[in-house]
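J.: predicted model, plus sequence, below.
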Amino acid sequence: EAAVTQSPRNKVTVTGGNVTLSCRQTNSHNYMYWYRQDTGHGLRLIHYSYGAGNLQIGDVPDGYKATRTTQEDFFLLLELASPSQTSLYFCASSVPGQGNTGQLYFGEGSKLTVL
Amino acid sequence: GDSVIQMQGQVTLSENDFLFINCTYSTTGYPTLFWYVQYSGEGPQLLLQVTTANNKGSSRGFEATYDKGTTSFHLQKTSVQEIDSAVYYCAMRGGGYKVVFGSGTRLLVSP
């Protein structure tokens, strides 16, 4: 069973604040993803990566940076947080390969509130 | 770009009712289609997946079918139970490893 751990689980900041959400997966999966989850919008892809040093742009990247420092670690950075970024953030990982269709393994989520 | 549309925001059923949730997709690649389930307080988890090689998938009493002609895929269960109450997401991986999700369907099952 893949393990994806997110921290912090809850974070409150003020408008203009600086926030880093962390994600670690312990199964050497190649791909990692950051999604935000909002009522009425479901899960929307912010950024994803296929390995250390790589970054791919998702569908809602504005206001977010991301960095993949190692195979295991993927960070989401909000340098000037705004109330519109109040959301539940999920990290996920997956592994490609012959016969593998890329199932995502999700963490438990990080709830961010921007006041 | 790749997209998935899931129109049913909430479905309310009684135990032993029939469940049907529909999604449509758009991609220029060869899609792999997924259904994820999310229970309260948890992250989403894979329920089942359907590839273009086989038009069906099944798991835990749920069945998914896919129709290339109408670019739609469906989740169904003959007899839902209260424990099936959750949010169900359809998702698609197109030609690469980008995975996009629908907006989710909240299923409420009353005993």
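T.: Alright, I've got the coordinates. These numbers come from a predicted model, not from an experiment. Numbering: from 1, shown residues only, chains lettered A, B, ... in the order given.

J.: for the rest of this, base every contact and every neighbour count on C-alpha atoms.
T.: Will do.

J.: against residue A:66, how distant is whatever residue of chain A ends up closest to chain B?
T.: Chain B sits closest to residue A:42 of chain A, with a gap of 3.7 Å, by CA to the nearest CA. Computed as CA to CA, to the nearest Å, the residue A:42 to residue A:66 distance reads 21 Å.

J.: what of residue B:40?
T.: For residue B:40, the distance to residue A:66 - CA to CA - is 27 Å.

J.: more neighbours: which of these two?
T.: Taking residue B:40 and residue A:66 together and counting by other CA atoms under 10 Å in any protein chain shown, residue A:66 has the greater number of neighbours (24 against 10).

J.: rewinding a little: what pLDDT does the residue of chain A closest to chain B get?
T.: We have a pLDDT of 92 for residue A:42.

J.: who are the neighbours in contact with it?
T.: B:89, B:101-104 (CA atoms under 8 Å, 6 or more residues apart in numbering or on different chains).

J.: spatially nearest residue to residue 65, not counting backbone neighbours?
T.: Using chain A here. Nearest residue to residue A:65 in three dimensions, chain neighbours excluded: residue A:77, at 5.0 Å (CA to CA, 6 or more residues apart in numbering or on different chains).

J.: actually, chain B is the one I wanted.
T.: residue B:56 (4.6 Å).

J.: is it true that that neighbour touches residue B:64?
T.: Yes. Counting by CA atoms under 8 Å, residue B:56 touches residue B:64, with 5.5 Å between them.

J.: what touches both of those two?
T.: Contact criterion CA under 8 Å, 6+ apart; residues shared by residue B:56 and residue B:64: residue B:50.

J.: quick revisit: so which of the contacts of residue A:42 is the closest to chain A?
T.: Checking the contacts of residue A:42 against chain A by CA to the nearest CA gives residue B:103 as the nearest, at 3.7 Å.

J.: between residue B:56 and residue B:64, which is the more surrounded one?
T.: residue B:64 (24 against 18).

J.: off-centre distance for stretch A:76-85?
T.: Stretch A:76-85 has its C-alpha centroid displaced from the chain centroid by 13 Å (CA atoms, centre = their mean, to the nearest Å).
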